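S.K.: Using only what follows, build the 3D model:
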Amino acid sequence: MEHQPGFSELEYAGKRKQTRRERFLASMEEVVPWDELLAVLKPHYPEGRRGRPPIGLERMLRLYFLQQWYGLADEALEDAVYDSQAMRGFLGINLSSDPVPDATTLLKFRHLLEQKDLCADIFETINAHLAERGMLMREGTLVDATIINAPSSTKNKEKQRDPEMHQTKKGNEWHFGMKAHIGTDRDSGMVHTVISTAANVSDISQAAGLLHGSETQVHADAGYVGVEKRDEVRAEDPEGRIDWQIARRRAPIRKMPDGAEKDRVLAAEKAKASVRAFVEHPFHILKNLFRHRKTRYRGLAKNHHQLQVLFGLGNLVLASRQRA
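M.R.: Here you go, the predicted model:
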């Protein structure tokens with residue numbers, strides 16, 4: 001977005017050090033397919049024929065992306081835009097002449113995306129853009145899931161926890177929340193499919209839905225042992241063309257006697273793990289870079305909409321790193 005810089009912006013631009021936020025936003029400016037996204041969203045955005053003219057679609061989309069990148073609530077993002085020249089520059093806002101969109105405006109924009117199921121369109125548009133540039137291959141898929149905790153407090157209007165979330169045990173710890181199941185491209189590490197469920201839903205039950213249909217090899221951890229025998233997977237792959245690279249359970253390997261056979265099995269499992277490790281990159285971006293370690297909304301639907309956008313933006317982060 002282009003705009004006439006003010007005196008404060010010119011003074012800020014003359015500083016010697018470029019901050020990490022500025023570098024990140026500059027890289028996102030280059031990789032986000034703005035024209036394609038705006039073309040998808042424009043038919044659903046109000047034209048403002050009556051009443052107060054709406055804020056421009058591109059500015060609202062940029063504001064929404066800032067919220068996802070920095071994990072801020074609506075009011076906190078409004079305050080951050082006033083505080084950060086880097087954010088205002090990304091939005092194309094000059095405080096002397098342009099209003100900062102308030103929290104209610106952002107809330108309404110997010111509701112529009114959810115009601116029209118436009119978050120899925122954003123995710124698909126980003127992936128189509130990356131596929132056109134040869135960054136999304138179709139030969140191999142990595143499948144995995146991660147738990148996203150939800151607030152367990154009952155100090156709310158309903159006096160209860162979110163009924164769509166559930167508790168589950170992982171290792172020796174109990175978690176309450178949801179699961180994000182993803183299908184990831186083996187070569188680029190970019191997410192091509194997202195499924196959201198309650199935390200107690202098993203990983204293996206969602207494996208069939210994570211396949212795009214063109215892969216010839218699928219990699220997964222030991223939680224997916226026996227996946228190729230499931231009815232829904234056989235329906236997706238009736239000819240058995242997929243080579244399932246599933247990690248073996250650890251206990252049987254530990255019980256094997258030391259020797260050449262055990263060494264061979266350990267080497268094979270290490271090779272599988274080295275490929276499978278790429279599926280952790282999207283989770284790292286989601287939880288550490290975007291700070292999305294807890295659900296922000298109640299209900300699976302709202303959180304699923306957000307996850308689609310977050311993983312789409314995470315794909316763009318991976319794309320920017322490949323370009324560097």
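
S.K.: in the chain, which spans are strands?
M.R.: Taking DSSP state E to define them, one finds strands in the chain at 140-149, 166-170, 173-185, 191-198, 217-220, 243-246.

S.K.: Quick one: low-confidence residue ranges for this structure.
M.R.: Scanning the chain for pLDDT under 70 picks out 1-16, 51, 324.

S.K.: the domain parsing of it - what is it?
M.R.: The record, using automatic domain parsing to delimit domains, assigns the chain the ranges 7-116, 138-297.

S.K.: Can you add mean neighbour count and give those back as CSV?
M.R.: For the C-beta atoms, the positions are set from N, CA and C on the backbone; glycine is no exception. Converted to CSV, the domains of the chain look like this (neighbours: other CB atoms under 10 Å):
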stretch, mean neighbour count
domain 7-116, 15
domain 138-297, 16
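
S.K.: Make TSV out of the ones you listed and add distance to Ser320.
M.R.: Conversion of the domains of the chain to TSV gives the following (distance: least, CB to CB, whole Å):
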stretch	distance to Ser320
domain 7-116	4
domain 138-297	11
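
S.K.: which residues touch Phe123?
M.R.: With contacts defined as CB atoms under 8 Å, 6 or more residues apart in numbering, Phe123 is in contact with Val194, Gln308, Val309, Phe311, Gly312.

S.K.: okay, now the last one: neighbour count?
M.R.: The number of residues packed around Gly312, counting by other CB atoms under 10 Å, is 27.

S.K.: where's it relative to Ala207, distance?
M.R.: From Gly312 over to Ala207 the distance is 22 Å, taken as CB to CB, to the nearest Å.

S.K.: Ok, the first one next?
M.R.: When CB to CB is applied, the distance between Val194 and Ala207 equals 14 Å.

S.K.: For Tyr70, find the nearest of the strands of the chain.
M.R.: Among those, the nearest to Tyr70 by CB to CB is strand 140-149 (17.5 Å).

S.K.: quick one, longest helix in the protein?
M.R.: The helix that spans the most residues within the chain, counting by DSSP state H, is helix 300-323.

S.K.: how long is stretch 252-269 from one end to the other?
M.R.: One end of stretch 252-269 sits 13 Å from the other (CA to CA, to the nearest Å).

S.K.: Could you do stretch 146-165 as well?
M.R.: From the first residue to the last, stretch 146-165 extends over 14 Å; the measure is CA to CA.

S.K.: Show me the contact partners of that stretch.
M.R.: Residues from elsewhere that reach stretch 146-165 (CB under 8 Å, 6+ apart): 168, 170, 175-180, 198-199, 283, 286-287, 292-295, 298-300, 303.

S.K.: show me where the stretch 1-150 of the chain has helices.
M.R.: Counting by DSSP state H, counting those that start in this stretch, the stretch 1-150 of the chain forms helices over residues 7-13, 20-31, 34-41, 57-70, 74-83, 85-91, 103-115, 118-132, given from the N-terminal end onward.

S.K.: can I get these in CSV with distance to Glu232?
M.R.: As requested, these are exported to CSV (distance: least, CB to CB, whole Å):
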stretch, distance to Glu232
helix 7-13, 55
helix 20-31, 35
helix 34-41, 31
helix 57-70, 32
helix 74-83, 39
helix 85-91, 43
helix 103-115, 28
helix 118-132, 22
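
S.K.: Which of the ones you listed sits closest to Arg254?
M.R.: When the helices of the stretch 1-150 of the chain are compared for distance to Arg254 using CB to CB, the nearest one is helix 118-132, at 40.1 Å.
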